[in-house]
Structure formats: C-alpha cells, structure tokens
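*Asks:* mind looking at a prediction? Sequence and model below.
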Number of protein chains: 2
Amino acid sequence: MIQELSHIISQINPVEPEWLARARERLDSLTKPPGSLGRLEELAARYVAIRGELFPPLEKKQVVVFAADHGVVAEGVSAYPQEVTPQMVLNFLRGGAGINVLARHVGAAVEVVDIGVNYDFPELPGLISRKVAYGSRNLAREPALTQKEALQAVMVGVERARAAIAAGADVLAAGDMGIGNTTPAAALGAIFTGKPASTVTGKGTGINDDTWRHKVAIINRALELHKPQANQPLEALAKVGGLEIGGIAGLILGAAAARRPLLLDGFIATAGALVAARLAPGVTDYLIAAHRSVEAGHQLMLETLGLTPLFNFQMRLGEGTGAALGMGVLEAGLKIYKEMATFGEAGVSEKQS
Amino acid sequence: MIQELSHIISQINPVEPEWLARARERLDSLTKPPGSLGRLEELAARYVAIRGELFPPLEKKQVVVFAADHGVVAEGVSAYPQEVTPQMVLNFLRGGAGINVLARHVGAAVEVVDIGVNYDFPELPGLISRKVAYGSRNLAREPALTQKEALQAVMVGVERARAAIAAGADVLAAGDMGIGNTTPAAALGAIFTGKPASTVTGKGTGINDDTWRHKVAIINRALELHKPQANQPLEALAKVGGLEIGGIAGLILGAAAARRPLLLDGFIATAGALVAARLAPGVTDYLIAAHRSVEAGHQLMLETLGLTPLFNFQMRLGEGTGAALGMGVLEAGLKIYKEMATFGEAGVSEKQS
C-alpha cells in the first residue's frame, strides 16, 4: 500500500507557469480594466493552469465528507456527545445538514464516507462504507492509529478522489464530521506550524475556558508522549491524528495527481492538507482555501501552506460548508474568464497611454 | 418632487429587533453549533427582519446599473476615454460585461438605466432611458448638477426601485458605469467621512501616481470652490456628485421604503449610500455591503455607514459585480435558515451542559 501511495505522490507536479500566463493574457483582453476582478481572475487562471487547457469545463462538483470518531473524547474535550457523529451522518444522508444545503446551492453532489464512525450503520443509500476502525484511540494515552490504519485512511481518500474523477468530477471539496476532531487537528497544527498547542487550539463546537485549558493540556501531553515529527507526516497522523483527517489528506493527493483543484474547508480539512503537503509539496498548487475559520490556529495553518482564504465569514461548522461556498466563487471566476466579451468583440476602447 | 422624496423618506424605518430575535431562535434550533455559520446566519436574520416575515421568499433578484458621464474627465482624471461609457452600455445590453456574467451566475436580472450618458442611444431593447442630462458638468469649475437635476436623478432611482419591486423583486443591487466617476465618488467620500481627499481618493480604473496627485488636487479645488456640507446631502450631490450616484441613492431609498434589502457594490455605490443615509439614516438597516473595493476610501466609507463587507476580493470594476456575488451569499444564508433540519427533526443530540 505504501508503494501505491509513493506512486500517487510521484504523479503530483506543480502547475506550469505558461498556463497561468496564457490565462492572464485572455483575462486582460476582456472588457474591464486589467486585474479589476481581483481574486476571481486569480481563481480562473489557477483553474486553467491546474487543468492544463485553455477553456476547461467546470460542470461536476463533488463534496466528499469523511466521518470518524475519536477516542480522545473520553478526556472530555468536546461540547457534544460522541453519538452526534452517526446522528449527523444520517442527517447528511437525508439532506438536512448545512453541507447539504450549501452543496445544493452551488450545484455540488455530496458523498458521505464512513471511514471510522463508532457505530454500525445498516446499508444505506448514499453511504460509502470504508470503515478502517471504530474510531481512533485516545491520543492522550496511546497512538491514535496504527501506522497501517493511518496509511489505509489516506488510501481511502485517494480511492474516493479517483472514483469521483472517474465519474467526471471537475472540482472536489473535502469535508469532515467527527465529534472531538478539533483536538487531533490542533495537535497536527502544532506539529506542522511549529507553534505551541495553546496558539493553534480553539474552542471547537463551543467549549468554555476551563475545557479549553484542559484540551490544550491533553494535546501537550500527547505531543510529549508520542514526539511526532513534521518530517514524518504519516507517523504524525498515526500518533495524534484521526481517520477522517487521513481521508482528507488522501483526497487531496488523489485530486492533485489527477490535476483537479480541491477546495479546502476549515480547521480539520487544513490539518489534512498539512499532512498531504508534507508528503507531496506540489499539492499546494491544487488547493484553494475557501475560508478562514474562527478556530484559533487556522490562519497560521493556511499561512504554512502559503494559502490566502477567500472568505472570513466567522464560520466554524466544518462538513465542507466553507469549501462548498468557495466552489461557487471558483465557478464565478471561470465564467468571467469564459463568458465575458473581449474589447475587440464588444467594440470597447482600451486604456489610454 | 421634493415632497415626493420627503414622503419616501418618511416611510423608511429601522428593522424591528423582534424579527432578528425570532430568526435567531430558528437558527439556533438547526443541526449545527449555535452561530457556527457566522455571517450566513447574520444575513438570514437580517433578511427575515427586513421582510418582516418568518419565511420570506427570495426568488427574484434585480441588479440596476445606472450609467452617466462626467464633465470632470476634461481635467484628465481617468485612464479611459469618455466614449467607453456608451460602449459599455451596449456591452451590458448584449450580455458581455462582467456584471452580466456574475448576475447570470447568481440568477439575477440586469437592468441598464441611461440616467445621463453623453450619447444619443437609439431605442434599444432592455435600455431604460431616463436621461436627466448629457452628463454632469466639470465639478472643478462649476457645480456638477443643478439642484433640480440632482433631485431628478434621485427620483429616477426611487422609480426604478418601485418598478422592480412591483415586478416582484425580493432583493436589489445597485451598479454603476461612468468614466470618471471615482472623482465625484471620492469627493462625496471626503465630505461624508470628514477625511481629506488624499485619504479617500484611489486610482480608479488604473491611473499612474502623477495623475492620482492631479485627481486629488482637482477634488480639493472642487471642495474649496463649492464648500459642500455633509448635512446638506442633496446639495453636496449637486455640487460634486454625478447622475448615476444620485440614481443609486434613490434606488436605496426606494428599496428601504418598500422593505427590500439592497446589496451595495463598491466605491461608487457606497458614495450613493452615503447620500441616502444622510437623507434617511434608517436605510443602513437595509444595506448589505458585498465587498471591500481596492479603491482607497471604500473601507472608511463603509465604516461611516456601520457596514462590514462580506468579501475582500481585490475587486475594483464596479457595475454591480461585487453586489451580484453578494446576492449569492445572501441566498445561501437564507437557504441555511429555511432548509436545514432542526435538532428535533433530525434526531440529533444537542450540546451538553
């Protein structure tokens, strides 16, 4: 399995600057002052460069939500009980969650992957069963995952990217569901940004100050116990990560290897991106940071990846909700690029001097 | 005509806080941590309060683009020649401009109003002819508009708001087209923010540093010559404004009087909003600032109105482009409010403690 991962990683290359330049040339021929649509133009150019064609399609949008549980909830780090993870999976399948609403709004499909929920689901239409384990172990006391489980989770993500792209997906987004998952995400954030746990740890779904201090202490205990290293990303994922975070890392690798952009959601998805970017630095060319989460360490983590988020909407839900909104903006940018008239076509005079 | 304006102004009231509270109550019953969708929730609550009903429709979206010319271009303050104003009007009517693309993207209709273009258009499908004059006069040498013209421009905006709402518009956006119009907008910005012209003046469609210094000097000359006062907004509009800015101010007043939200675009639209807010302070409850323009004074002008923009996409095109994108986000927020399952409906456990 590690060989297959190495093969995927070897397929990931930075985008070619020539494509950015060609896209820029067309953007500057359109009836507007050069650069006056700012980030919309930047997104269009990036999409063209990722796809490596002058007028790439953008029809099919796929959101993949990975759901898993976390043994660390035994330490009392979350405001919600663990049973909420499977309850929300069922809510996703019925179309009643935030991600369903926002995906419908932008015309994206939602796939839900049980990569490690601590619950036996019956066979359900729309649920992709890829359970690696019944959740991670308590990272405050033992490694969250075995090396094999961590690798397996990443490969589930790669497989889902391949399946989506084989079915025609032009753009992907990664989402997460997992009660307790801001704790492993903050631990990974501390490792890959090199900042203290207290800097990258936030209040998740809404804990109070005492619980926050306890959460920071738990993360520090795990970091001391396991001594994860940034230059050993799979090991770090195993020691203090989680299955949905591994799945997201794999989805990113699979998207980049097939030259598809991936819209990053918030704190959890960005933890997955940090793992992916340590495995294959070229992936950052394929990532579009949708929003800046309220969660404390998110901005630092995005900066580590060299990404600037599109929105700052004070969101902290996860599920891929910010990423879905970002898909709509990417599409707007590409429509500008494809549909606007040029100065020549419209008979509009160009800039003087 | 001034009596009719007074009547409109008398109809504008702040939104009722009870409606915000009722909307908040529903938002907190949905399957997400309270407040975790940030500004999307805020937009939904505002829309409910503006409409004054618990499940208001949001079907029809109308962008109104006011086009006019500016005598101050004789001073060499713009990077583009004046003929671009009518050329772009024709581009709007053919659907090839940035606003057409982004309005289609969010499902909005675009109306183009000739409120003062220095060109005789033939009768054209889709063009609303409400020419008050063949552009404003050169504000560096004489008042840009007569009092009567300024009032007439505002009333054209009121009329277009009424027409749109009579035809079913749920939400409006104001856009502009007018070569040279960042000069009057910056002059109005200086008046209503109380800041120096050099602080609020930007580089418009892309002038160089020398032309920028000249533009600031022209604005200062106009402010000294006409001595416009913030507490006399119609007079200020006449002295240093423009016809499309007056139209936008009127559109805002008409929308607020009929309890419809208006998405503000960038620098020019916000100059119109400053005029409207001085005429009727209650309008700010009905305004949603879509984006922060690159144009220097825009943020200050938004702060003066007490508004926080949704995006910062480095845009500076005008036409209503930012406002159209904002319409999509408002709709996303309202869909969250209307379509998400409640904890009860979904059988999801609520927060502990």
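*Replies:* Done, it's in. Numbers count the residues shown, from 1 in each chain, chains lettered A, B, ... in the order given.
*Asks:* CA only for contacts and neighbour counts going forward, please
*Replies:* Will do.
*Asks:* I'd like to know which elements the helix or strand hosting residue A:253 is packed against.
*Replies:* Assigned by DSSP states H and E, residue A:253 belongs to helix A:243-257. Applying 3 or more Cα pairs under 8 Å, 6 or more residues apart in numbering or on different chains; DSSP states H and E, we find helix A:243-257 packed against helix A:2-10, strand A:61-68, strand A:108-116, helix A:147-166, strand A:171-177, strand A:262-264, helix A:267-279.
*Asks:* export those as CSV, with columns for mean pLDDT and distance to residue A:317.
*Replies:* Converted to CSV, those look like this (pLDDT from 0 to 100; distance: least, Cα to Cα, whole Å):
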stretch, mean pLDDT, distance to residue A:317
helix A:2-10, 96, 30
strand A:61-68, 98, 13
strand A:108-116, 98, 16
helix A:147-166, 98, 21
strand A:171-177, 98, 9
strand A:262-264, 98, 13
helix A:267-279, 98, 9
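*Asks:* that older thread, quick check: mean pLDDT across the helix holding residue A:253?
*Replies:* Helix A:243-257 shows a mean pLDDT of 98.
*Asks:* same question, stretch A:308-325
*Replies:* For stretch A:308-325, mean pLDDT rounds to 97.
*Asks:* angle of the helix holding residue A:253 against helix A:2-10?
*Replies:* Interaxial angle, helix A:243-257 versus helix A:2-10 (axes from the mean of the first three to the mean of the last three Cα atoms, to 10 degrees): 50 degrees.
*Asks:* still on that earlier bit, could the helices and strands packed on helix A:243-257 be laid out in CSV, adding distance to chain B and mean neighbour count?
*Replies:* Shown next, in CSV, are those (distance: least, Cα to the nearest Cα, whole Å; neighbours: other Cα atoms under 10 Å in any protein chain shown):
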stretch, distance to chain B, mean neighbour count
helix A:2-10, 32, 14
strand A:61-68, 15, 28
strand A:108-116, 13, 24
helix A:147-166, 24, 22
strand A:171-177, 11, 30
strand A:262-264, 16, 31
helix A:267-279, 13, 27
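*Asks:* and residue B:139, which of the ones you listed is closest to it?
*Replies:* strand A:262-264 (47.7 Å; Cα to Cα).
*Asks:* quick one on the thing from earlier: just the C-alpha atoms of the helix holding residue A:253, please, in CSV.
*Replies:* Extracted C-alpha coordinates of helix A:243-257, given in CSV (Å, rounded to 0.1, in the frame of the first residue of the first chain):
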residue,chain,number,x,y,z
LEU,A,243,-9.2,8.7,10.3
GLU,A,244,-11.2,11.5,8.6
ILE,A,245,-8.1,13.7,8.6
GLY,A,246,-6.2,10.9,6.8
GLY,A,247,-9.0,10.5,4.3
ILE,A,248,-8.9,14.2,3.6
ALA,A,249,-5.1,14.1,3.1
GLY,A,250,-5.7,11.2,0.6
LEU,A,251,-8.5,13.0,-1.2
ILE,A,252,-6.1,16.0,-1.7
LEU,A,253,-3.3,13.7,-3.1
GLY,A,254,-5.7,12.0,-5.4
ALA,A,255,-7.1,15.3,-6.7
ALA,A,256,-3.7,16.8,-7.3
ALA,A,257,-2.4,13.6,-9.0
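*Asks:* what's the angle between it and strand A:171-177?
*Replies:* Counting by the same axes, to 10 degrees, helix A:243-257 lies at 170 degrees to strand A:171-177.
*Asks:* quick one: helix A:243-257 to chain centroid distance?
*Replies:* Relative to the centre of its chain, helix A:243-257 is centred 8 Å away, using Cα atoms, centre = their mean, to the nearest Å.
*Asks:* can you check stretch A:305-325 too?
*Replies:* With Cα atoms, centre = their mean, you get 9 Å for stretch A:305-325.
*Asks:* now the residue in the stretch 151-300 of chain A that chain B sits nearest to: closest residue in space that isn't a chain neighbour?
*Replies:* Closest residue of the stretch 151-300 of chain A to chain B, Cα to the nearest Cα: residue A:205 (5.8 Å). Of all residues not flanking residue A:205 in the chain, residue B:33 sits nearest, at 5.8 Å (Cα to Cα, 6 or more residues apart in numbering or on different chains).
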